[in-house]
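# following is a predicted model, sequence given first.
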Amino acid sequence: QVQLVESGGGLVQFGGSLRLSCAASGRTFSTYTMGWYRQAPGKQRELVAAVTSGGRTKYADSVKDRFTISRDNAKDSVYLQMNSLKPEDTAVYYCNASPSPLLGRQTQFDYWGQGTQVTVFS
């Protein structure tokens, strides 16, 4: 079992920055592929960014060059640095832990956090 707790969401102006954090507890964090997903009202949940245990990353095209995912295995944590935020980034952001080494591949064995709201206003 893995428990994930997100933090760092909030209200930010267009062009601003936020840093999301996800603290994991439970099974061996370092072996999981970690990801950030988001879901806006009326839309499907989508992958934002993911990082494997070995450090390979994947980003949604809409956030490339603006968002950076990183992990600290010593602290059992994963982060999402979000810069140049836009109103269309407004969503609930979820932390994900997947046993799959394939970036962005969801499985029935995935773990999810409770989500943190990010709202970008213009």
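Nice, thanks for sending it over. Numbers count the residues shown, from 1 in each chain.
# so the residue most central in space within the chain, which of the three states?
Nearest to the mean C-alpha position of the chain, by C-alpha atoms, centre = their mean, lies residue 36 at 1.9 Å. The three-state label for residue 36, taken from DSSP: H, G, I helix; E, B strand; the rest coil, comes out as strand.
# kindly report the same for residue 118.
What three-state DSSP gives for residue 118 is strand.
# which ones are touching it?
Counting by C-beta atoms under 8 Å, 6 or more residues apart in numbering, residue 118 makes contact with 9-10, 12, 18, 20, 38, 82, 85, 89-93. Backbone N, C-alpha and C define where each C-beta goes, glycine included.
# look at residue 40 and say how many residues are nearby.
By other C-beta atoms under 10 Å, the residues close to residue 40 number 14.
# can you check residue 69 too?
Around residue 69 there are 21 residues (other C-beta under 10 Å).
# now do the buried residues in the helix or strand containing it.
If you go by DSSP states H and E, residue 69 is part of strand 67-72. The neighbour-count check on strand 67-72 (16 or more other C-beta atoms under 10 Å) flags 67-69, 71 as buried.
# that strand packs against which elements?
Applying 3 or more C-beta pairs under 8 Å, 6 or more residues apart in numbering; DSSP states H and E, we find strand 67-72 packed against strand 33-39, strand 46-51, strand 57-59, strand 77-82.
# the second one to strand 77-82, inter-axis angle?
Between strand 46-51 and strand 77-82, the angle formed by their directions is 120 degrees, by axes from the mean of the first three to the mean of the last three C-alpha atoms, to 10 degrees.
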